[in-house]
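[1] One predicted model, sequence on top.
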Amino acid sequence: MSHLPGNTEKINSATKNKNLILVSVFVLWLGLLLGSSFLAKNYIDKTMLTVQQTNAMNVQNLESRLASLSDEMKQIKELLENTDQTLTSSDSTQKALNDKIKDLDKQLQALEKSLNILKEAPDANN
């Protein structure tokens, strides 16, 4: 019975249908695989581009802040140098004042001695 012409056509037809279904499923699976790969690659590329743009903006912000900090550091350095010069000037001024005070102390002591001498001297009226 299996060698009957009608049965062979049915077997060939069933085999062809199975093969057609398998090929269709394989093509569908391959299409889904390629489509999802394309979508995944597209998503990854967009995400990477977004990250790169964000990083570029952050780098620009950091460079701007770094330049600003550098300028502020220069200003602070200049102010410190000016302060150092002022302190040096103040030190010399302080030294001059101290010297003047010492001179005035010596003059005061001399005047006190003179005053004491005048106090001890006999009164001219007596």
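    That came in fine, so what should we check first?

[2] Distance check, the residue nearest the centre of the chain against Leu79.
    The residue lying closest to the centre of the chain (C-alpha atoms, centre = their mean) is Leu62, at 5.1 Å. As judged by C-beta to C-beta, to the nearest Å, Leu62 and Leu79 stand 25 Å apart. All C-beta spots, glycine's among them, are computed from the backbone N, C-alpha and C.

[3] and the helix or strand containing Leu34, what's its mean pLDDT?
    Assigned by DSSP states H and E, Leu34 belongs to helix 5-120. In this model, helix 5-120 carries a mean pLDDT of 88.

[4] chain center to that helix, what's the gap?
    2 Å (C-alpha atoms, centre = their mean, to the nearest Å).

[5] Report all helices and strands that that helix contacts.
    Using 3 or more C-beta pairs under 8 Å, 6 or more residues apart in numbering; DSSP states H and E, no helix or strand is in contact with helix 5-120.

[6] Could you number the chain from 727 rather than 1 from now on?
    In the new count, where the first residue is 727, that last one comes out as helix 731-846.
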